[in-house]
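[1] dropping a prediction and its sequence here:
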Amino acid sequence: MTINLMLLTAMIIAALWTVMGRSLLKASIGLALTSAIITILMFRLDSPLAAVFELSVCTGLITAVFVSTISLTKPLTFPEIKKLSKDRNKRFRYLPMIIILVGMALAYINLKMDFSAVREALPEGAHETDVRNVLWNTRQLDIFGQIIMILTGTFGVIILFKGTRKR
Amino acid sequence: MPSLLILMPLAGIMILNFAFGRTMKRSAFWFAVVLFLIQIILAIFHHPVFWSNELEMVDRFFNVSFSMDYISFIALLSIGIVSLVSLLVARCSIDNEEDRFNFINLLVIASIGMSGIVMVKDVFSLYVFLEITAAASFILIAFWRKRRALEGAFKYILLSAIATIMMLTAIALLIVLAGDPSFSVIKSALGRSSSSFMVTLAVGIFICGLFIKGGLVPFHGWLPDAYSSAPAPVAILLAGIVTKVVGIYTIMRVMISLFGFSASMGRVFMFIGALSILVGAFAALGQRDFKRMLAYSSISQIGYILLGFGTGTTIGILGAVFHFFNHAIFKSLLFVNSAAVEDSVGTTDMDKMGGLASRMPITGATSVIALLSACGIPPLAGFWSKLIIILALWKSGHVAYTLIAVFASVLTLAYLLSMQRRTFFGKLADGLEDIKEAHTRIRVASIILAAITVLVGVFFPLMFDNFILPVKDILLR
């Protein structure tokens, strides 16, 4: 439990670093780190298939796509980064306080979400279902969906980033 | 064979992009035209040979199985018509061949996504196709990479991501409860435990996610920015069909085939519908940008669909389905007109226009037809669907909502007449003396849509008996 909590805290820090970071490249590394911590959490929560997918798709593939996309953009100059960073910090200066206040409020009202029905409904050994069976025998349509999604992403990169550096 | 509506366009895109490279770029337009025409013809004639038979080898190989009913036919017909019109407008508003090729690819992908939403019968595949449509839409909005468009796309991505998280959580809960993602299994599982906290939570967050995707008040923040900043053909696609399919159609589908209609959900739909009607109409009154005003008008008109659906009565749901189709047509027509004006004048600021009807007679005349249909003036298509919705509200005893629907029609007339007066009527504004009518393809698109609006209104019994009335059978199942 303690390790899970530590991992959750690390994941939140990595996620915050991703969205608050100054450079796009560092943000994509932060995202990969967040995904890697989620992978460890999933392994610990006894979901090895979900963990493997998280590791291969999010940590691997998505990071590779982000890094190659970022390479097509023009990096900001140091003064621009400094100005953006200053503006961002100004905009988010209340965020830590809001998080602390919400946390205190939740602790005060002792919110307990009853998800016992979910635990009871989960079939025993559901994680043992063969992933090949799921992907190739029951969910082919969703594989199609993924192919179309990757195509969409490719067009997105071509339309939004190709030629940006040139301009 | 309905799977061909997904597989054919996908195969076409693959061939155009990977097999023939640049040589096929010019054929892309005609490929998409043929694709959308086939979809329109198949949806109009809905012959059982195509829709009921499986393409055994292909379907078994890809393990795809779709389900069709009369609401699906209406939605597929609307998708085909609006996509075709958007394509015609894109042909003349996107000059660069490379850009046009990319646009056509994304348009076809968006139409695959929408057709998938309409035909799937399992909740996870529904989610996959919703995301395909949304992803294609983000890129289409930001197509020209202008600051406002990027901002509109970013807002859409953010709110859509929130909606996605909500829907995915709901889907996970539903699959845990039912053990299977198919509509029929989930529906029977929900029937056994309809009052549990889990079911209420799953249904609530799923519908909230769809409210965001559909741009309904109070989740409409992204919609005016996205519509007004998107390129003309994209605005036609978004306002004409995308938000309606990902929002309203999906709400109808999940309520009919998945969750089952309940009186409490009906009350929520009617309240959100009425709120959208009023907020959209009042906000439209104060706009000076043509496209932004139409965006708010869309929110208002989508409210009518939800209001009719919320009654839960057969006549109310028929009215909602009919208004879904009519709104797709007349709103696309108004956006085509805005594209024509933008193409000729170079702006959508109505304060800089005036008297354009004398220089753009076809755009001016078709705009009047769309306006009258939107306001519910007989005998145009919009009159009949609004009349059915108002009758359903009255007959189900919702007097206050009936009055809101009638009052908002007057508001619609007010803001659309104001648009017509400022843009097309009166004395020609200074500096617009050399303005010419829009490109032929834009005129063709507006004439097609205006003709549909008039014909559906005049031949209302034919349309109602063949397309709308059979929806009743689905509700009785």
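    Cool, the structure landed.

[2] stretch A:36-53 close to chain B?
    No. Under the criterion of Cβ under 8 Å from any Cβ of the partner chain, chain B is not reached by stretch A:36-53; the shortest gap measures 11.5 Å. Where C-beta positions appear, they are placed from N, C-alpha and C, glycine not excepted.

[3] any stretches of chain A with poor pLDDT?
    When residues are selected by pLDDT under 70, those of chain A lie in A:1, A:72, A:110-138, A:162-167.

[4] in which helix or strand does the residue of chain A at minimum distance from chain B reside?
    Nearest residue of chain A to chain B: residue A:145, at 3.5 Å (Cβ to the nearest Cβ). When elements are assigned from DSSP states H and E, residue A:145 belongs to helix A:140-161.

[5] need the contact partners of that helix.
    The set of residues external to helix A:140-161 that reach it, using Cβ atoms under 8 Å, 6 or more residues apart in numbering or on different chains, is A:65, A:68-69, A:72-73, A:135-136, B:6, B:10, B:13, B:62-64, B:99, B:102, B:105-106, B:109, B:112-113, B:116, B:120, B:124-125, B:128-129, B:131-132, B:135-136, B:138-139, B:142-143, B:145.

[6] can I get the buried part of those as one PyMOL selection?
    Of the contacts of helix A:140-161, the buried ones go into a single PyMOL selection, burial set by 16 or more other Cβ atoms under 10 Å in any protein chain shown:
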select buried, (chain A and resi 65+69) or (chain B and resi 6+10+13+62+64+102+105+106+109+112+113+116+120+124+125+128+129+131+132+135+136+138+139+142+143)
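
[7] next step: the contacts of helix A:140-161 restricted to helices.
    Secondary structure defined by DSSP state H assigns A:65, A:68-69, B:6, B:10, B:13, B:62, B:99, B:102, B:105-106, B:109, B:112-113, B:116, B:124-125, B:128-129, B:131-132, B:135-136, B:138-139 of these to helices.

[8] state the distance from the residue of chain A closest to chain B to residue B:127.
    9 Å (Cβ to Cβ, to the nearest Å).

[9] what's the closest non-adjacent residue to residue B:291?
    The spatially closest residue to residue B:291, leaving aside those adjacent along the chain, is residue B:228, at 4.3 Å (Cβ to Cβ, 6 or more residues apart in numbering or on different chains).

[10] per-residue pLDDT, that neighbour?
    pLDDT, the model's per-residue confidence, is 86 for residue B:228.

[11] for it, what are its contacts?
    If you count contacts by Cβ under 8 Å, 6+ apart, residue B:228 has them with B:148, B:152, B:235, B:289, B:291-292, B:295, B:348.

[12] who wins on neighbours among those?
    Taking other Cβ atoms under 10 Å in any protein chain shown as the neighbour criterion, residue B:295 ranks highest of those with 30 neighbours.

[13] that residue against residue B:239, yeah?
    Yes. Judged on Cβ atoms under 8 Å, residue B:295 makes contact with residue B:239 at a distance of 6.8 Å.

[14] which residues do these two both contact?
    When contacts are counted by Cβ under 8 Å, 6+ apart, residue B:295 and residue B:239 have residue B:227 as shared neighbours.

[15] distance check, residue B:441 against chain A.
    Relative to chain A, residue B:441 is positioned 22 Å away (criterion: Cβ to the nearest Cβ, to the nearest Å).

[16] which secondary structure element contains residue 90?
    Since no chain was named, I'll use chain A. Counting by DSSP H and E, the secondary-structure element that holds residue A:90 is helix A:78-91.

[17] sorry, I should have been clearer: chain B.
    In this structure, residue B:90 sits in helix B:70-93 according to DSSP H and E.

[18] which strands and helices sit next to that helix?
    Where contact means 3 or more Cβ pairs under 8 Å, 6 or more residues apart in numbering or on different chains; DSSP states H and E, helix B:70-93 is packed against helix B:27-45, helix B:97-119, helix B:232-237, helix B:314-345, helix B:440-458, helix B:471-476.

[19] send the alpha carbons of the helix or strand that the fourth one is followed by over as CSV?
    Downstream of helix B:314-345, the next assigned helix or strand under DSSP H and E is helix B:361-375. Output for helix B:361-375, consisting of C-alpha atoms alone and laid out as CSV, is shown next (Å, rounded to 0.1, in the frame of the first residue of the first chain):
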residue,chain,number,x,y,z
PRO,B,361,-29.1,36.3,-55.9
ILE,B,362,-28.8,32.5,-55.5
THR,B,363,-27.0,32.7,-52.1
GLY,B,364,-29.6,35.3,-51.0
ALA,B,365,-32.6,33.2,-52.1
THR,B,366,-31.4,29.9,-50.7
SER,B,367,-30.6,31.8,-47.4
VAL,B,368,-34.2,32.9,-47.2
ILE,B,369,-35.3,29.2,-47.7
ALA,B,370,-33.0,28.0,-44.9
LEU,B,371,-34.1,30.9,-42.6
LEU,B,372,-37.8,30.1,-43.1
SER,B,373,-37.2,26.4,-42.5
ALA,B,374,-35.3,27.1,-39.3
CYS,B,375,-38.0,29.4,-38.0
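
[20] if I look at the residue in the stretch 201-350 of chain B that chain A sits nearest to, how far off is residue B:169?
    Across the stretch 201-350 of chain B, the shortest distance to chain A (Cβ to the nearest Cβ) belongs to residue B:201, at 9.1 Å. Remark: distance between residue B:201 and residue B:169 (Cβ to Cβ) = 9 Å.

[21] CSV for the contacts of residue B:228, including secondary structure and pLDDT?
    Compiled in CSV, the contacts of residue B:228 are given as follows (DSSP: H, G, I helix; E, B strand; the rest coil; pLDDT from 0 to 100):
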residue, secondary structure, pLDDT
B:148, helix, 83
B:152, helix, 84
B:235, helix, 92
B:289, strand, 90
B:291, helix, 90
B:292, helix, 91
B:295, helix, 92
B:348, coil, 85
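
[22] and the residues you listed, which two are furthest apart?
    In the contacts of residue B:228, the most distant members under the criterion Cβ to Cβ are B:152 and B:348, with 14.0 Å between them.

[23] related to what we said a few turns ago, buried ones in the helix holding residue B:90?
    In terms of neighbour count (16+ other Cβ under 10 Å), helix B:70-93 has its buried residues at B:70-93.

[24] ok, now stretch B:272-292?
    Within stretch B:272-292, the residues scored as buried using 16+ other Cβ under 10 Å are B:272-281, B:283-284, B:287, B:289-292.

[25] likewise for stretch B:460-477?
    Buried, per 16+ other Cβ under 10 Å, within stretch B:460-477: B:460, B:463-464, B:467-468, B:470-471.

[26] how about stretch B:382-392?
    By neighbour count on 16+ other Cβ under 10 Å, the buried set for stretch B:382-392 is B:382-386, B:388-392.

[27] rewinding a little: how close does the residue of chain A closest to chain B get to residue B:111?
    Relative to residue B:111, and taking Cβ to Cβ, residue A:145 is found at 14 Å.

[28] those two - which one has more neighbours?
    When residue A:145 and residue B:111 are compared for neighbours, residue B:111 comes out ahead with 31 against 24, by other Cβ under 10 Å.
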